[in-house]
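Enquirer: Got a predicted structure plus its sequence, pasted below:
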Amino acid sequence: MRRTGLQHGRLSAIVAAMGHGDRLVIADPGLPVPAGVECVDLAVCAGVPGFMDVLRAVAAELAIEGIVIAEELAAGNPALAREIGGATGRGDGTIVPHEEFKRMTREATAIVRTGEFTPYANVILVGGVAF
């Protein structure tokens, strides 16, 4: 058993294996998972686990070069958009229409499904380097 950090074995392995430019999506349970993209389903029930809890845990271990959020989130819930930027250290990031966001998930290493019931609570994390 690990003492600190991500406790979910598969999620920890995905983060450890990510390289520069690889994408990891943290998502609400409504975001479609494209065929061929791994889904790490953490959702237990509405709100459990929360989107920001999962994002903070992943961000503590992943070198993040950039983030992508949907413009619907940025416009409809600017407080959450700011919280995402703060938790990742990447500010506003790239903002795209939700349909483009969904297309971008096709290139993800994995999608991590949370129990979050907030509309558009999704982010693409772009892997960076630790040096």
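Expert: Nice, thanks for sending it over. Numbering: from 1, shown residues only.

Enquirer: What mean pLDDT does stretch 54-61 get?
Expert: Average pLDDT, stretch 54-61: 98.

Enquirer: Also stretch 91-104?
Expert: Mean pLDDT, computed over stretch 91-104, is 96.

Enquirer: swap in stretch 119-128?
Expert: Here stretch 119-128 scores 98 as its mean pLDDT.

Enquirer: Can you mark which positions in that stretch are buried?
Expert: Neighbour counts over stretch 119-128 (16 or more other C-beta atoms under 10 Å) mark 120, 121, 122, 123, 124, 125, 126, 127, 128 as buried. For glycine as for every other residue, the C-beta is placed from the backbone atoms N, C-alpha and C.

Enquirer: quick one, what contacts the closest residue to residue 27 other than its chain neighbours?
Expert: Nearest non-adjacent residue to residue 27, counting by C-beta to C-beta, 6 or more residues apart in numbering: residue 122, 4.5 Å away. Residue 122 makes contact with 25, 26, 27, 28, 31, 69, 70, 73, 101, according to C-beta atoms under 8 Å, 6 or more residues apart in numbering.

Enquirer: burial count for the third one?
Expert: Looking back up the chat, that one is residue 27. Applying other C-beta atoms under 10 Å, we find 25 residues neighbouring residue 27.

Enquirer: That one and residue 113 touch, don't they?
Expert: Yes: at 5.6 Å, residue 27 counts as touching residue 113 under the criterion of C-beta atoms under 8 Å.

Enquirer: mean confidence for the top strand by length along the chain?
Expert: In the chain, with assignment by DSSP state E, the single longest strand is strand 64-70. With pLDDT averaged residue by residue, strand 64-70 scores 98.
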